[in-house]
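> turn this into a structure:
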Amino acid sequence: MATKPVKLAILRARHDTSVPYISDAACIAMFMTNADRRSVLNFWEAVTDSYLQFDGSSLMPWVDITLDPADTSRRAQVAKAYEAARALPGAVLDGFDGFVVLTWPGTVQMPNPDADKPGQPATVPQGIDSGAGPVVAGKPACALPVMGSNHTFCCHEVGHVLGFGHTYGVWNNGIDWDGKPPFDQGQVYGDPYDVMSSAAFGTRNLDPTLSAYFANPTFAGPAVPDWPNPGAFSMGPEPARAHVHLWDPRAVRENTVRHVPSPVGGGAHRARLMGAGRHSGGTSLLVVHPADEDAEGRGRCYVEYRESTRWDQGLDLSGTDLARQAVVVHTLADATGDGVRCWYRGRILVPLEADTDLVVEGTPLVVRVLDADTDAGAVEVEISLSAPREVSIDARNYEALLDVRDPQEMGTPCGDTIVSATRIWQTTSHYTPVTRGFGGFGAPDVVSPVLTWTVGGTVLAAGTGSVDVAYDDAVFAVDYELDAATGRLVLVARGGERYTADVSVTATEPGGGDAVTAVERFDPVGWTTGYTAADLAKLDRCMTERFQRVFVRPRDWLVPPDPDPLRPGVNDRINEARLRVLADAVARFEPTVARDMSRIAALRYQPTR
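This is a model prediction of the structure:
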């Protein structure tokens with residue numbers, strides 16, 4: 001993979017001689033490199049797959065400057081720091097690609113407007129301007145006041161020095177600098193999944209007449225010893241893979257990017273995406289190109305899986321934060337006065353909740369998550385042009401052994417001990433609703449479909465409770481828990497009870513109408529009579545050994561066992577009959593093996609109820 005060498009000069013300017021200089025070791029660990037690989041430059045090297053290389057970057061000696069309280073702008077800080085550093089004996093500031101100015105301490109004393117009140121000092125500390133934008137010696141620069149800058153902010157501003165722009169997305173208050181009415185909002189800073197939206201990360205929380213939402217994708221990283229700002233170690237998130245690819249496609253490893261044309265008609269593209277923050281093998285970025293895409297990429301769509309790990313470990317797994325673990329979609333579109341930029345278009349939460357698809361604003365595309373393997377850090381996604389209204393239920397059953405009655409110990413022909421008994425089970429079933437084609441847009445104000453659950457015909461209220469189920473002239477009480485936020489339903493049977501009940505979920509649009517329904521079953525095991533799975537495995541090993549003695553392959557005779565030993569199927573009856581036929585066939589020349597097979601058939605396939 002190609003690399004891009006970038007040489008940055010880190011200028012250090014003290015504007016208050018009453019404070020001691022920050023040590024070189026602390027400055028190096030904060031900005032250049034450290035044992036945890038958590039410095040600002042470590043961040044940019046990691047998130048660009050080591051494309052950016054900062055060899056030759058320099059930490060310049062401390063200089064003292066004087067800031068006029070009437071002009072503490074970032075431009076003034078950068079200009080004064082540069083001139084003071086250039087004036088040092090032997091100083092060489094040529095050949096750098098950008099400048100980062102650390103202004104220490106980064107606050108100035110200003111007249112206290114409450115100085116006339118008892119106990120109030122004459123002056124109070126006030127933060128100074130910060131950020132990127134200045135140009136010095138023809139190169140981009142940024143000013144980072146030490147006491148007002150955390151790690152995330154530093155990465156953001158250095159990102160601008162490297163050429164990254166802002167990301168756009170949901171309406172947010174990032175442009176409202178004073179927090180006072182009238183409240184300003186815009187779409188710049190509207191991406192909850194990109195460090196280049198760190199003025200707000202899509203948070204809207206000021207205007208009480210508008211719906212509020214927030215995003216905080218950062219985490220507390222390791223502190224740098226002797227760094228004077230204790231609040232400086234809020235870190236993350238990564239820039240969106242989409243944004244990195246827009247900045248320079250070579251900064252994303254080619255073998256992790258899959259390019260596809262926009263699907264046509266009823267066609268679809270499917271892909272397995274690995275977590276983008278892992279920076280490992282496998283596809284981590286799906287790029288969908290429209291037929292009319294121009295040279296600047298307008299209309300291009302990016303899909304990535306943002307996993308709560310590494311630089312993205314600040315992403316939540318649950319709750320109301322916009323910055324949650326999810327499949328995230330971006331497009332390239334015009335931003336007023338800012339050219340073609342990366343726009344956040346929404347997310348599909350992982351682990352999956354009810355809504356599994358997303359209509360991508362400004363395109364005809366629909367992104368759907370088909371499956372999520374959080375242990376492997378991978379998801380299966382589908383890109384299509386349609387979103388039919390559907391609802392289905394993902395059902396998972398779990399059995400807990402409560403009691404063992406009437407155990408009978410016996411031996412196998414191979415000398416193993418097995419136990420047949422009546423076992424009492426408690427069934428817990430989890431039902432996850434999966435909807436498609438409802439709402440679908442990624443904006444925070446879009447309301448999810450309304451879900452209505454019934455068990456045995458009775459409508460359930462959100463929360464916990466019990467519902468009565470009628471079956472064969474009897475009534476059984478089923479405990480339930482229904483999560484109002486996710487729509488997930490859990491049913492718990494009392495141990496030793498066996499019955500069947502229909503479980504249904506109906507999804508409708510928030511305003512009503514367009515209802516679709518899916519039905520599953522609640523089917524507690526109750527009890528079984530027979531062996532455990534471990535004992536069945538002993539019998540299967542013994543059976544295989546006897547097959548080998550007569551040079552017969554089990555797969556030629558036997559149907560594979562039922563995957564759920566608590567719910568045996570008709571396969572056991574077929575296998576018992578086949579094994580007895582085989583025993584009769586080998587009895588003429590291997591009578592001992594035949595007797596063993598007959599005994600194994602009687603043990604292995606005894607009726608289990």
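> burial check on residue 428, number of neighbours?
15 (other CB atoms under 10 Å). C-beta here means a position set from N, CA and C on the backbone, and glycine is covered the same way.
> give the bridge partners for it, please.
Counting by DSSP bridges, residue 428 forms beta bridges with residue 398, residue 492.
> show me what contacts the residue nearest the centre of the chain?
The centre of the chain sits closest to residue 325, judged by CA atoms, centre = their mean, with a distance of 2.2 Å. By CB atoms under 8 Å, 6 or more residues apart in numbering, the contact set of residue 325 is 306-308, 315-317, 349-351, 374.
> make sure residue 522 is actually in contact with residue 501.
Yes. Here residue 522 reaches residue 501: they are 4.6 Å apart, a contact under CB atoms under 8 Å.
> identify the contacts common to these two.
Residues touching both residue 522 and residue 501 (CB under 8 Å, 6+ apart) are 455, 469, 478.
> so which strand or helix has residue 55?
Using DSSP states H and E, residue 55 sits within no helix or strand.
> mind listing what it touches?
Residues in contact with residue 55 (CB under 8 Å, 6+ apart) are 5, 7.
> dihedrals phi and psi, it?
phi -60, psi 140 (degrees, to the nearest 10).
> residue 71 now?
phi -150, psi 90.
> how close does it get to residue 83?
Per CB to CB, to the nearest Å, residue 71 is found 15 Å from residue 83.
> mind giving me the domain split of this structure?
In terms of domains, the chain is parsed into 4-163, 173-387, 393-528, 531-604 (source: automatic domain parsing).
> can I get these in JSON lines with mean pLDDT?
JSON lines is the format used below for those (pLDDT from 0 to 100):
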{"stretch": "domain 4-163", "mean pLDDT": "94"}
{"stretch": "domain 173-387", "mean pLDDT": "95"}
{"stretch": "domain 393-528", "mean pLDDT": "91"}
{"stretch": "domain 531-604", "mean pLDDT": "81"}
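> now a ChimeraX select for only the buried ones of the contacts of residue 325.
Buried residues within these, by 16 or more other CB atoms under 10 Å, are selected in ChimeraX with:
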select :306,307,308,315,316,349,350
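> can I get the contacts of residue 325 in a markdown table including distance to residue 57 and secondary structure?
Formatted as a markdown table, the contacts of residue 325 follow (distance: CB to CB, whole Å; DSSP: H, G, I helix; E, B strand; the rest coil):
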| residue | distance to residue 57 | secondary structure |
| --- | --- | --- |
| 306 | 29 | strand |
| 307 | 30 | coil |
| 308 | 31 | coil |
| 315 | 30 | coil |
| 316 | 34 | strand |
| 317 | 36 | coil |
| 349 | 39 | strand |
| 350 | 37 | coil |
| 351 | 41 | coil |
| 374 | 38 | coil |
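> for the contacts of residue 325, which one is nearest residue 511?
residue 349 (22.9 Å; CB to CB).
> for that closest one, list each beta-bridge partner.
Counting by DSSP bridges, residue 349 is bridged to residue 326.
> pretty sure it sits against residue 321.
No. Under the criterion of CB under 8 Å, residue 349 makes no contact with residue 321, lying 10.9 Å away.
> how about the strands in the stretch 1-150 of the chain?
Using DSSP state E, counting those that start in this stretch, the strands found in the stretch 1-150 of the chain span residues 4-5, 8-14, 52-53, 58-64, 98-104, 107-111, 123-127, 131-136, 139-145.
> who does the second one touch, helix- and strand-wise?
I take that to be strand 8-14. Here strand 8-14 touches strand 58-64, helix 74-86, strand 98-104, going by 3 or more CB pairs under 8 Å, 6 or more residues apart in numbering; DSSP states H and E.
> now it and strand 98-104, what's the angle there?
20 degrees (axes from the mean of the first three to the mean of the last three CA atoms, to 10 degrees).
> if I pick residue 296, what's in contact with it?
For residue 296, the residues meeting the contact criterion (CB under 8 Å, 6+ apart) are 332, 339-340.
> which one of those has the most neighbours?
Neighbour-wise, the contacts of residue 296 (other CB under 10 Å) top out at residue 332, 22 neighbours.
> give the bridge partners for that one, please.
Going by DSSP bridges, residue 332 is paired in beta bridges with residue 342.
> hmm, residue 342 and it touching each other?
Yes. Assessed by CB under 8 Å, residue 332 is found in contact with residue 342 at 6.4 Å.
> among the strands of the stretch 1-150 of the chain, which is nearest residue 180?
With CB to CB as the criterion, residue 180 lies closest to strand 123-127 of the strands of the stretch 1-150 of the chain, at 17.0 Å.
> count of neighbours near residue 444?
20.
> quick revisit: next, the residue nearest to the centre of the chain: phi, psi?
Per degrees, to the nearest 10, the backbone of residue 325 is at phi -60, psi 130.
> touching, residue 104 and residue 20? I think so.
No. Assessed by CB under 8 Å, residue 104 is found out of contact with residue 20, at 9.5 Å.
> those two: who's more crowded?
Using other CB under 10 Å, the more surrounded residue of residue 104 and residue 20 is residue 104, with 23 against 10.
> list the contacts of the more buried one.
By CB under 8 Å, 6+ apart, the contact set of residue 104 is 12-16, 19, 21-22, 145-146.
> then residue 371?
Contact analysis of residue 371 by CB under 8 Å, 6+ apart lists 379-380.
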